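Visitor: Sequence plus predicted model, see below.
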Amino acid sequence: MIDQATKILNETFGYPTFRGEQETIINHLINDGDALVLMPTGGGKSLCYQIPAIIRDGVGIIISPLIALMQDQVEAVRENGINAEFLNSSLNSDEAWEVENKLIDGSIDLLYIAPERLFHEYTIDLLKKSKISIFAIDEAHCVSRWGHDFRPDYMKLSLLHEEFPDIPRIACTATADQKTREEIITQLKLDNAKSFISGFDRPNIRYQVRPKKDAKKELLNFITTEYPDKSGIVYCLSRKNVEETASWLNEKNIPALPYHAGMNNEERKNNQNRFLREDGIIIVATIAFGMGIDKPDVRFVAHLNLPKSIEAYYQETGRAGRDGLPSTAWMMYGMQDVVLLRNFIESSDGDEEHKRIERQKLEAILAFCEVTTCRREVLLNYFGDYQEEKCNNCDTCLFPVEQIDQTVNAQKALSCIFRTGQRFGVNYLIDVLAGSENERILRLGHNHVSTYGIGKDLTKVEWRNLYRQLVITGIVNVDPEFNGLSLTPKANPILKGEEKFFLRKQTTKAKKEKKVKASGTTKRRAKEELNLDSDATTIFEHIRACRNELAEKKNIPAYVIFSNATLTYMAEKKPGNKEEMLAISGVGQVKFKKYGKIFINAIQEAIGNIS
Ligand code: ADP
Ligand code: ZN
């Protein structure tokens with residue numbers, strides 16, 4: 001069976017080999033298994049359900065909350081010669097009727113459907129009359145009530161299991177945390193599903209974080225020096241900021257479009273479409289923008305404000321570099337953001353438990369901003385994907401920060417945890433260090449421990465910051481239920497004086513950073529990065545222009561024709577005939593038929609121009 005999968009991968013999609021666990025997952029579904037697939041953005045989840053849907057008898061049903069993007073998703077698979085349709089509220093009744101007929105007579109391989117549509121009794125009946133190959137639940141984290149993408153309709157998806165017990169289901173998400181994972185399994189009744197969990201590293205994304213200073217100017221500088229004419233997303237906290245930043249970039253001749261919930265639907269749709277379809281547009285948005293944006297060539301995601309959690313940051317920055325080429329996650333954060341986010345939390349109508357979790361998440365992202373160690377290590381550790389090596393592709397690895405030795409204070413902080421029995425929260429520990437005479441300390445006799453009152457030289461804020469860093473670097477553990485701090489094995493060498501502990505020296509001045517290419521000196525490189533020489537660059541620019549023109553004529557997103565990664569391969573290998581063209585990753589049989597000649601000619605033309 002799997003030979004058939006490889007054949008489809010090669011001939012239909014034009015890719016030479018499977019990535020990561022794709023092959024195992026596909027095999028599992030072909031053999032009637034259910035699957036929960038966690039893969040980072042850009043990992044290649046779509047193929048995991050598209051290929052089994054094609055191979056198995058019947059129509060593959062893909063449930064996706066992203067109505068605005070469905071048409072593009074369908075367009076993209078159709079370009080590869082796959083018969084696909086979608087059903088959502090944007091179709092009129094005639095159009096819907098036509099699609100429904102195709103579902104019943106089985107003349108399509110894939111049907112994308114919005115969850116609210118799925119739950120019409122009518123639709124369920126329709127599905128029962130049809131032959132279904134698999135159900136794929138995309139963006140499965142939308143079942144999570146705690147997450148920021150919660151969709152009430154997703155809660156009803158367990159119905160699939162009840163109504164269609166024999167049809168394999170695959171749930172996909174890029175959201176990493178354990179809690180969401182468990183919720184997906186319970187809500188969707190996936191107890192018998194096999195979990196496929198990939199590492200969460202996005203090696204081609206460079207992380208860069210700085211305290212806020214002249215944010216707009218710094219952003220402009222970043223865009224013009226590192227990614228001129230490239231697509232990117234800029235996130236702001238407020239609508240007003242979005243509007244201001246977008247018009248300011250336009251004044252500086254950077255094509256930027258706003259996107260936020262205060263705009264009308266039409267405008268929002270227009271801007272999103274231009275961003276998806278045109279090359280080199282920057283979208284300035286609130287977090288209302290972005291879920292499911294599968295534009296592969298977003299070169300950077302910039303945050304002008306602190307995101308509310310590491311999860312949100314990772315998901316938002318994950319929208320950069322799906323094509324595997326070098327990309328950057330750039331952030332500027334300020335104390336004002338922290339105040340704002342704290343206010344959001346306190347004034348939200350969630351219960352106290354919920355607020356406590358939100359506060360902890362905010363602390364964690366703040367600590368991430370302030371680390372002096374490798375940022376990738378911190379991110380991956382946060383998601384339980386332990387990594388010990390420096391990545392050499394984040395700002396702290398590339399431009400080590402000025403640090404101050406805080407070993408003695410760290411020892412005080414750690415031994416205070418130890419002396420009080422490893423079960424108290426930060427506030428209490430700070431009170432002990434400060435020698436406070438509060439009733440609880442006296443009652444528990446902690447005014448007699450050796451760390452009582454030894455911390456008067458630091459302010460409460462400074463102690464809090466120190467504890468935060470001890471937590472984020474994994475030296476101290478926080479009990480998720482009672483908030484009590486305890487020591488991990490990493491605390492030992494510090495307490496014994498065998499290892500030192502440093503904190504970032506707070507400076508407001510932005511350091512001039514030399515531009516470092518992701519290639520060359522750094523170990524970590526983008527998977528599909530190719531170093532184009534100047535001739536190849538000329539060819540690339542020529543065929544890119546040619547592709548963009550074609551896309552505009554056909555009114556489909558440029559990347560749907562060929563991704564930039566595929567164009568990069570063409571520019572390097574310069575295919576001159578059918579065989580060579582089909583050998584390029586991303587050129588399948590159908591795309592060759594449609595575009596092969598056009599691109600072979602365009603390459604020849606560009607070569608002619610060079611000589
Ligand atoms: P995800 O949904 O996991 O974010 P996608 O399914 O959109 O990722 O895949 C990301 C990109 O990688 C797409 O451009 C896709 O065509 C490409 N891709 C997927 N699998 C492979 C593969 N085996 N070889 C080469 N490219 C692949
Ligand atoms: Zn690093």
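Guide: Cool, the structure landed. Ligands and ions are numbered 1, 2, ... in the order given.
Visitor: Quick one: name the residues of this structure near ligand 1.
Guide: 15, 18-19, 22, 39, 41-47, 294, 296, 322-323, 563, 585 (CB under 6 Å from any ligand atom). (Each C-beta comes from the backbone N, C-alpha and C, glycine too.)
Visitor: host element of Ile598?
Guide: helix 589-610 (DSSP states H and E).
Visitor: er, Val284 actually
Guide: With DSSP H and E as the criterion, the answer for Val284 is strand 282-285.
Visitor: quick one on the thing from earlier: mean confidence for the helix holding Ile598?
Guide: For helix 589-610, the mean per-residue pLDDT is 94.
Visitor: Determine how far that helix lies from the middle of the whole chain.
Guide: Helix 589-610 has its C-alpha centroid displaced from the chain centroid by 33 Å (CA atoms, centre = their mean, to the nearest Å).
Visitor: same deal with stretch 46-57?
Guide: With CA atoms, centre = their mean as the basis, stretch 46-57 stands 24 Å off its chain's centre.
Visitor: buried set for that stretch?
Guide: Residues of stretch 46-57 classed as buried under the neighbour-count rule (16 or more other CB atoms under 10 Å) are Ser46, Leu47, Cys48, Tyr49, Gln50, Ile51, Pro52, Ala53, Ile54, Ile55, Arg56.
Visitor: Can you give me the buried ones in the helix holding Ile598?
Guide: For helix 589-610, by 16+ other CB under 10 Å, it's Gln589, Val590, Lys591, Phe592, Lys594, Tyr595, Gly596, Phe599, Ile600, Ala602, Ile603, Ala606.
Visitor: So which of the buried residues of stretch 46-57 are in helices?
Guide: Secondary structure from DSSP state H places Ser46, Leu47, Cys48, Tyr49, Gln50, Ile51, Pro52, Ala53, Ile54, Ile55 of the buried residues of stretch 46-57 in helices.
Visitor: Show me where this structure dips below the pLDDT cut-off.
Guide: The chain contains residues with pLDDT under 70 at 1-2, 148, 176, 292, 480-481, 506-531.
Visitor: So which bits of it are right by ligand 2?
Guide: Cys374, Arg376, Cys391, Cys394, Cys397 (CB under 5 Å from the ion).
Visitor: just checking, the last one touches Glu389?
Guide: Translated: Cys397. No - Cys397 lies out of contact with Glu389 (CB atoms under 8 Å); the separation is 9.9 Å.
Visitor: higher neighbour count, the two?
Guide: Ranked by neighbour count (other CB atoms under 10 Å), Cys397 and Glu389 place Cys397 first, with 21 against 11.
Visitor: Please, which helix or strand holds that one?
Guide: helix 395-398.
Visitor: where do the helices sit along the stretch 401-550 of the chain?
Guide: Taking DSSP state H, counting those that start in this stretch, the helices of the stretch 401-550 of the chain run over residues 407-419, 426-434, 439-444, 460-472, 491-495, 534-554.
Visitor: Tabulate the ones you listed (CSV), appending mean neighbour count.
Guide: Formatted as CSV, the helices of the stretch 401-550 of the chain follow (neighbours: other CB atoms under 10 Å):
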stretch, mean neighbour count
helix 407-419, 20
helix 426-434, 22
helix 439-444, 13
helix 460-472, 20
helix 491-495, 17
helix 534-554, 17
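Visitor: Present these as CSV; the columns should include distance to Tyr235.
Guide: Shown next, in CSV, are those (distance: least, CB to CB, whole Å):
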stretch, distance to Tyr235
helix 407-419, 34
helix 426-434, 29
helix 439-444, 42
helix 460-472, 22
helix 491-495, 36
helix 534-554, 26
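Visitor: Ok, which of those comes nearest Ile124?
Guide: helix 534-554 (35.3 Å; CB to CB).
Visitor: coming back round to it: could you point out which of the ones in helices among the buried residues of stretch 46-57 is nearest to ligand 1?
Guide: Ligand 1 has its nearest neighbour among these in Ser46, at 3.3 Å by CB to the nearest ligand atom.
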